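S.K.: Mind folding the following:
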Amino acid sequence: MLDLIPSLSGWAPALGRQRFAVATIVRASGSVPRPVGTSMLVDDGGAVLGSLSGGCVEGAVVAAALESMDDGVTRLETFGFGAEDAFAAGLTCGGELDVHIEPANLGDRCALGEAVRQLAAYGPDEPVALVRNLDLGGAGGGSNAVVIADPGSASVTGLPALAALLDLVPGADPDAGRARAVQLETFLRAGSTGVLDLTSAGVCTGGATVLVESRLAQARLLVFGANDFSAALLPAAKPLGYHVTLVDARPAFAAQARFRTADEVVTAWPHQYLAAEAAAGRMDSRTVICVLTHDPKFDIPLLHTALGLDVAFIGALGSRRSHAQRVDALLDLGVRPERIAQLHSPLGLDIGAVTPAEVAVSVLAELIAARTAAASHQPLRETSGPIHQSAAPTADKPANAPAPNNVKQQEIVWT
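M.R.: Numbers count the residues shown, from 1 in each chain. So this is what the prediction gives:
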């Protein structure tokens, strides 16, 4: 549902409290076009907002949504590849989807309809979460649905509506309730999306099957150096969801109009700015640092500061000779060799990039690959197995942390 936020404010059926239905992918296996949490809205006239499969199953989903609005019953539809009938609704990629279809605005009170209206007020990059109880529904009233404004610090005990959704009522088993709350809070604070079976994993009483969609504040991408390469990198990085900051100590360079694609442009000595941002708590383990300054008087103190921080990625553009000189300088400053080994330098994947635009692709390709430990950096035609892998563990989700055993993963294909 969160993927529809940019379009919700203009969707009259929801805002006008007309009848509509929400169709959401709640399970995906094999190769599928879109992940769990992807939603499509259908009004009682058949108008559609969003897409679930790029065209494979939308017609059948619309028909089921219209039926759901007519009889007020929530449905769970399964779509897969049926080779025996090429014209039947199915996924040509060979995967399988479970689509939860729920009517909204059929009665005076509808938690799901109200949740959609609340989401319409959010910006496309604002942190927000939606939690829906998939076990409830029917009678046109809609299931419990709760919108959470700050999922990064969400607490079930501080949100009565969320506690009610989880069936954490007075007199219930406190240990079971707390176990459910911990599972949900962990998922929310990690910015994750998936279906949690809160009746399992040792929780024997009460609970629910809930769909959690959580979006944290944008991770930061700090680009140091105002030059041709940063001018190409700034707009290319924005679609990846980063809040992009350009930093340069030279006002005449930083003030150029071509850098206005950044969310913010700062004129400051790079290492001083980085230290101040870290001290102010405005960086976290998702932060990415790209050093494009090409000047040792900026590079060395900046990298020395950066390598002392807990961030996701530190890269420095330059030649192999420049890299060797940086390594020597950092060793002289006392930086440990094993920490220097984590520096992505020379920055970028070897794709034959020459122009600034090509170098930007190379840099972002390495950044994306670094998120996934299983990335081979090879052409897909040279590899086998799932095309898309799970993201690599971060400091918030360390490698030795057990993943919830009741959350399903899926492969997503390009369509």
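S.K.: I'd like the distance between the residue of the chain most remote from its centre and residue 325.
M.R.: Largest separation from the mean C-alpha position in the chain: residue 332, at 39.4 Å (C-alpha atoms, centre = their mean). With distances taken as C-beta to C-beta, to the nearest Å, residue 332 is found 11 Å from residue 325. In short, each C-beta sits where N, CA and C put it, glycine included.
S.K.: Can you give me the distance of the residue farthest from the centre of the chain to residue 306?
M.R.: 17 Å.
S.K.: isn't there a strand covering residue 25?
M.R.: Yes - according to DSSP: H, G, I helix; E, B strand; the rest coil, residue 25 belongs to a strand.
S.K.: Look up the closest residue to it, ignoring the ones flanking it.
M.R.: The shortest distance from residue 25 to any non-neighbouring residue, by C-beta to C-beta, 6 or more residues apart in numbering, is to residue 38 (4.8 Å).
S.K.: Going by neighbour count, list what's buried in stretch 106-118.
M.R.: Residues 106, 110-118 are the ones in stretch 106-118 that count as buried (16 or more other C-beta atoms under 10 Å).
S.K.: Ok, stretch 255-272 next?
M.R.: The neighbour-count check on stretch 255-272 (16+ other C-beta under 10 Å) flags 259, 261-263, 265-267, 270-271 as buried.
S.K.: Can you tell me what sits against that stretch?
M.R.: Outside stretch 255-272, the residues that touch it by C-beta atoms under 8 Å, 6 or more residues apart in numbering are 223-226, 230-231, 234-235, 238, 243-251, 254, 273, 291, 293, 298, 301-302, 304-305.
S.K.: shouldn't the residue nearest to residue 25 be in contact with residue 61?
M.R.: No - counting by C-beta atoms under 8 Å, residue 61 is not a contact partner of residue 38; they are 11.4 Å apart.
S.K.: Overlap of the contact sets of those two?
M.R.: With C-beta under 8 Å, 6+ apart, residue 38 and residue 61 have common neighbours residue 52.
S.K.: Give me the below-cutoff pLDDT ranges for the protein.
M.R.: Applying pLDDT under 70 to the chain flags residues 30-33, 54-55, 81-94, 108, 136-143, 167-177, 199-207, 385-415.
S.K.: Mind jotting down where the helices sit in it?
M.R.: Along the chain, the segments classed as helices by DSSP state H run 5-8, 12-15, 58-71, 111-119, 160-165, 174-189, 228-237, 251-254, 270-279, 296-306, 320-332, 337-340, 356-370.
S.K.: Columns distance to residue 129 on top of these, output as TSV?
M.R.: Compiled in TSV, the helices of the chain are given as follows (distance: least, C-beta to C-beta, whole Å):
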stretch	distance to residue 129
helix 5-8	12
helix 12-15	18
helix 58-71	24
helix 111-119	10
helix 160-165	10
helix 174-189	5
helix 228-237	25
helix 251-254	36
helix 270-279	26
helix 296-306	31
helix 320-332	40
helix 337-340	35
helix 356-370	24
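S.K.: Out of those, flag the one nearest residue 49.
M.R.: Set against residue 49 and scored by C-beta to C-beta, these come closest in helix 5-8, at 5.9 Å.
S.K.: What is that closest one packed up against?
M.R.: Counting contacts by 3 or more C-beta pairs under 8 Å, 6 or more residues apart in numbering; DSSP states H and E, helix 5-8 packs against helix 111-119.
S.K.: residues in contact with the helix it packs on?
M.R.: With C-beta under 8 Å, 6+ apart, helix 111-119 has contacts from 1-2, 4-5, 8, 14-15, 17, 20, 22, 41, 102, 104-105, 128, 130, 132, 141-147.
S.K.: Name whatever forms a beta bridge with residue 213.
M.R.: Applying DSSP bridges to residue 213 gives these bridge partners: residue 130, residue 193.
S.K.: For ChimeraX, write a command that selects the buried ones of the contacts of helix 111-119.
M.R.: Per 16+ other C-beta under 10 Å, the buried members of these correspond to this ChimeraX selection:
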select :1,2,4,5,8,14,20,22,41,102,104,105,128,130,132,141,142,143,144,145,146,147
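S.K.: Mind checking which of the contacts of helix 111-119 are in strands?
M.R.: 20, 22, 41, 102, 104, 128, 130, 132, 145-147 (DSSP state E).
S.K.: returning to that earlier point: which one of the helices of the chain lies nearest to residue 34?
M.R.: So among the helices of the chain, helix 58-71 is nearest, using C-beta to C-beta, at 11.2 Å.
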